[in-house]
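>>> pasting the structure only:
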Ligand code: GDR
């Protein structure tokens, strides 16, 4: 039985990936912080249905010793490095923790795997934010990187580190350059989940407005369960490579808003409050991905439309809130 280690197993992507790998017959191990174990009802809610099927290890990927011990103990065949600070900020006020969580942690993991499990195949979670203020659209694997946020810069530094472990240390490391991907398990700080959760509250009479920033912002939004399929496929290739994973279609926050309210039978206009504090400085041109390499080599395709993703998110939040009533 193949053993897999997932960092960030309790996040949106980690939880869907754990489900996928369990269904493929893997022995699934995950790293979670001690605080998560102590507050399992909240912080492990995405994997509460999997807790008796996966093996959780307390640790932190930015603590080299703890990661070293976990890798030594498990000796994984595959490792998916998903743990990261994932909220994109342009304020530069939390730089140290973003760099530590996204770069130093990747180094600790790669160095441990190189020493202790050199045949382990590694997936690194890169991001479209690495393209930043891209000069071409759509972007593919050859597009020059031009990150603008600390998040994008830290992800790009870790991406280069992952490539260097592949080229110089001959580790099997594949990187996904993933565009936005959403689901009912998305964190509440991201705009899609903020909208779906608030629409559900408004629908049930628990809220009467929704505060947003720039609703003209455009994103290439996909469906998170599709994106973990691509991650797994990358590690089943003969040669480790990097892949853009995206839908190739842009939609605005406003389109998301209209559809989400429509699912609840409402018009968004009376409920919307635009707040300047939710605007981001320096947001660059909209990023749109060209996933033709993933289509060609991995046979990967999105399975849901934008409208289907919005509908699933709103209906799931209504169900969740009804369950809590
Ligand atoms: P993003 O996702 O920054 O693209 O990063 P987010 O959902 O935070 O923002 C999407 C767009 O919506 C606009 N927006 C708002 N965003 C938030 N969060 N809150 C608001 O109130 C609001 N109003 C408008 C934003 O300006 C932006 O244009 C996600 C993360 O998952 C990253 O980890 C990942 O790498 C990238 O996607 C690809």
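It's in. Owing to the predicted nature of the structure, the values given are computational and were not obtained by experimental measurement. Numbering: from 1, shown residues only.

>>> in the stretch 151-300 of the chain, what spans have low per-residue confidence?
282-284 (pLDDT under 70).

>>> of all the residues in it, which ones are close to the ligand?
Contact residues, the stretch 151-300 of the chain versus the ligand (Cβ under 6 Å from any ligand atom): 179-180, 189-192, 194, 212-214, 217, 219, 253, 278, 280, 283. Backbone N, C-alpha and C define where each C-beta goes, glycine included.

>>> Sort out for me which of the residues you listed are in helices.
191, 192, 194, 253 (DSSP state H).

>>> And for the closest residue to the first one other than its chain neighbours, the neighbour number?
Ranked by Cβ to Cβ, 6 or more residues apart in numbering and with sequence neighbours excluded, the top spatial neighbour of residue 191 is residue 253, at 5.8 Å. Residue crowding around residue 253 was assessed by other Cβ atoms under 10 Å; the count is 20.

>>> and what of residue 227?
With other Cβ under 10 Å as criterion, residue 227 counts 25.

>>> With residue 297 instead?
For residue 297, the count of nearby residues is 14 (other Cβ under 10 Å).

>>> Can you pull the domain assignment for the protein?
The chain breaks down by automatic domain parsing into domains covering 3-181+222-245, 187-219+249-287+294-324.

>>> Looking at those, which one is packed in the most?
domain 3-181+222-245 (a mean of 20; mean count of other Cβ atoms under 10 Å).

>>> And residue 24, how far from the ligand?
Noted for residue 24: a distance of 25 Å to the ligand, by Cβ to the nearest ligand atom, to the nearest Å.

>>> The chain: strands as residue ranges?
3-7, 27-32, 55-58, 78-81, 121-127, 172-178, 181-182, 210-212, 218-219, 222-223, 242-245, 251-252, 272-274 (DSSP state E).

>>> Give me the contacts around the second one.
When contacts are defined by Cβ atoms under 8 Å, 6 or more residues apart in numbering, strand 27-32 is touched by residues 1-10, 14, 18, 21-22, 43-44, 47, 50, 53-61, 67, 70, 74, 76, 83.

>>> wait, does stretch 136-149 contact the ligand?
No. Counting by Cβ under 6 Å from any ligand atom, the ligand is not contacted by stretch 136-149; separation bottoms out at 8.0 Å.

>>> Does the residue nearest to residue 191 touch residue 210 like I think?
No. Look at residue 253 against residue 210 with Cβ atoms under 8 Å: they stay out of range, at 11.1 Å.

>>> Are there residues contacting both of those two? Which ones?
With Cβ under 8 Å, 6+ apart as the test, residue 253 and residue 210 both reach residue 195.

>>> ok, back up a step: let's have the strands of the chain in JSON lines, adding distance to residue 203.
Formatted as JSON lines, those follow (distance: least, Cβ to Cβ, whole Å):
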{"stretch": "strand 3-7", "distance to residue 203": "34"}
{"stretch": "strand 27-32", "distance to residue 203": "33"}
{"stretch": "strand 55-58", "distance to residue 203": "35"}
{"stretch": "strand 78-81", "distance to residue 203": "36"}
{"stretch": "strand 121-127", "distance to residue 203": "32"}
{"stretch": "strand 172-178", "distance to residue 203": "31"}
{"stretch": "strand 181-182", "distance to residue 203": "19"}
{"stretch": "strand 210-212", "distance to residue 203": "12"}
{"stretch": "strand 218-219", "distance to residue 203": "24"}
{"stretch": "strand 222-223", "distance to residue 203": "22"}
{"stretch": "strand 242-245", "distance to residue 203": "32"}
{"stretch": "strand 251-252", "distance to residue 203": "22"}
{"stretch": "strand 272-274", "distance to residue 203": "15"}
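
>>> Closest one of the ones in helices among the residues of the stretch 151-300 of the chain next to the ligand to residue 102?
residue 191 (20.7 Å; Cβ to Cβ).

>>> for that closest one, what are its contacts?
212, 217, 253, 256 are the contacts of residue 191 under Cβ under 8 Å, 6+ apart.

>>> so who does the residue positioned nearest the centre of the chain touch?
Per Cα atoms, centre = their mean, the C-alpha nearest to the average position across the chain is that of residue 13, at 5.4 Å. Going by Cβ under 8 Å, 6+ apart, residue 13 touches 82, 125, 181, 224, 227, 228, 231.

>>> just residue 287 next, same as before
By Cβ under 8 Å, 6+ apart, residue 287 lies in contact with 128, 129, 131, 134, 137, 139, 179, 219, 220.

>>> Farthest-apart pair in these, please.
129 and 137 (14.8 Å).

>>> Look up the closest residue to residue 214, ignoring the ones flanking it.
Using Cβ to Cβ, 6+ apart, the nearest residue to residue 214 is residue 279, at 5.3 Å.

>>> again but with residue 311, I slipped
In this structure, residue 311 finds its nearest non-sequential neighbour in residue 263, 5.1 Å apart by Cβ to Cβ, 6+ apart.

>>> what's the answer for residue 62, then?
Closest residue in space to residue 62, ignoring its immediate chain neighbours: residue 105 at 4.3 Å, by Cβ to Cβ, 6+ apart.
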